[in-house]
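S.K.: Dropping a prediction and its sequence here:
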Amino acid sequence: MDKRLAVCAVAQIKNHPNYHYLRFQNMLLECFEPILEQTKATFDMETGIRTIITCSDDVFDARTISDNGITDVVGAHFRGEEKIAQESINGLGYAMACILSGHDDVILFMGHCKESQGESRRMVSNLAYDPFYCRPLGMDYHNVAALQARTYMEKSQVTDEQMAKIVVRSRKNGAKNPYGRENKIVDEDEVLNSPLYSDPLRELHLYPVTDWAFGMLLCSEVRAEEFTTNPVWITGYGSCMDRYFIGDRDLASNFSLKNAAQRAYAMAGIKYPREEIQIFELGDQAAYQLPLWAEGVGIADEGQGGKWLDEGGMETFNVNLSGGQLNGNPLLLGGAARVIECYYQLSHQAGERQVKNVKRAVAQAATGGAGQHQAVIVMEAQGG
């Protein structure tokens, strides 16, 4: 049985604040065609693509069964087609289970989201909460994130000034990413003076509304050379769900992320992540989450996020050189964006963001209020 999953090719469109002139089918088609061109993969029922995994969301698409509108675009007619709602990184976990179990050996994975279509993304995430107590209170991912931010800032001594530096760095790194959302370059004073959104979070502390789509061709280890001469390997995956009601959780504990990371590291045979991994792409939907998740994946000490920032932890561990989710990826696709940046780095296609001698990378993503569900993927370069 294979032990690892090959990423043979990726394609994406540029992250954009509002693709009002593109339907989501058009966004996917712009990713679908380059994947076939790069790999020469076919839909032959014997040796071609027989399983397609998609990621989309009924509420963001304003329709039920959101994948029903894209089956023709992604070649899924009369084939196995599975939809991942919520965080896209779990589509890779599903693909890994499918291939390593021997169920199939070539998978097309595609995702899309147009956050700009909705009147308010806060109305979307309000639906994640129970209809009797939490929804009527107006709970959504942003104001629950604010509760987590306050708890974490007090625990790990993270300041408003440090969060401003995280935002400034994110936008500078995002400007070097040809697929990154084009945002205004800001300085720390602009961040510190941006309006409070949900205390202690400011407007510039949160990722901006973004539209995006991507595609990947994945296959078994034994078939990788049919599609590419430079595969990147997924060698570890772990996920964990914390309790639903935030009153039952310690919001600064990283319970689910620590569990997810430990499982992914164990699967990939990693004992010392600080020494064995060169790139970390973390799903920072808000600025405070970057040091919080850094503690969770083991590159910052527990309760030392503020100190880790002051000591240059973001640069030491090459965190979010893509700009991260904070620069702009849609809510449910942040994990795929993190994986794609790791793919570019490990296949030496990252341009001016390229880090030398990269052998391993980690992609992390979260969904649910205050990072309730966490998933971590370990990736390795060919010969790594």
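M.R.: Alright, I've got the coordinates.

S.K.: quick one: low-confidence ranges for the stretch 251-384 of the chain?
M.R.: Scanning the stretch 251-384 of the chain for pLDDT under 70 picks out the ranges 384.

S.K.: Identify the residues contacting the residue positioned nearest the centre of the chain.
M.R.: In the chain, the residue lying closest to the centroid (CA atoms, centre = their mean) is Gly335, at 1.5 Å. Contacts for Gly335 (CB atoms under 8 Å, 6 or more residues apart in numbering) come out as 87-90, 92, 283, 363-365, 375, 377. Any C-beta I mention is one placed from the backbone N, CA and C, and that applies to glycine too.

S.K.: residue boundaries of the helices in the stretch 251-384 of the chain?
M.R.: For the stretch 251-384 of the chain, the helices defined by DSSP state H, counting those that start in this stretch cover 255-268, 273-276, 289-296, 305-310, 313-316, 334-346.

S.K.: With distance to Arg181 as extra columns, can I get these in TSV?
M.R.: Converted to TSV, these look like this (distance: least, CB to CB, whole Å):
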stretch	distance to Arg181
helix 255-268	25
helix 273-276	29
helix 289-296	17
helix 305-310	23
helix 313-316	19
helix 334-346	10
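
S.K.: Indicate which one of the ones you listed is closest to Cys55.
M.R.: Proximity to Cys55, assessed across the helices of the stretch 251-384 of the chain by CB to CB, is greatest for helix 334-346 (7.0 Å).

S.K.: which of the contacts of Gly335 sit farthest apart?
M.R.: Using CB to CB, those span at most 13.6 Å, a distance reached by Leu92 and Gly283.

S.K.: number of nearby residues for Cys219?
M.R.: Using other CB atoms under 10 Å, Cys219 has 28 other residues around it.

S.K.: Let me know whether Ala85 touches Leu332 as I believe.
M.R.: Yes - Ala85 lies in contact with Leu332 (CB atoms under 8 Å); the separation is 7.3 Å.

S.K.: shared neighbours of those two, anything?
M.R.: Shared contacts of Ala85 and Leu332, counting by CB under 8 Å, 6+ apart, come down to 55-57.

S.K.: Of those residues - the most surrounded one?
M.R.: Neighbour counts for those (other CB under 10 Å) peak at Cys55, which has 30 neighbours.

S.K.: OK, contacts around it?
M.R.: 83-85, 88, 91, 109-113, 332-333, 336.

S.K.: Spell out the residue ranges of the strands in the stretch 51-200 of the chain.
M.R.: Taking DSSP state E, counting those that start in this stretch to define them, one finds strands in the stretch 51-200 of the chain at 51-55, 80-84, 106-114, 196-198.

S.K.: how about CSV for these, with mean pLDDT and distance to Ala370 added?
M.R.: As requested, the strands of the stretch 51-200 of the chain are exported to CSV (pLDDT from 0 to 100; distance: least, CB to CB, whole Å):
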stretch, mean pLDDT, distance to Ala370
strand 51-55, 97, 22
strand 80-84, 92, 21
strand 106-114, 97, 21
strand 196-198, 96, 12
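
S.K.: right, so those strands: which one is the most enclosed?
M.R.: A comparison of the strands of the stretch 51-200 of the chain by mean neighbour count, using mean count of other CB atoms under 10 Å, puts strand 106-114 on top with a mean of 28.
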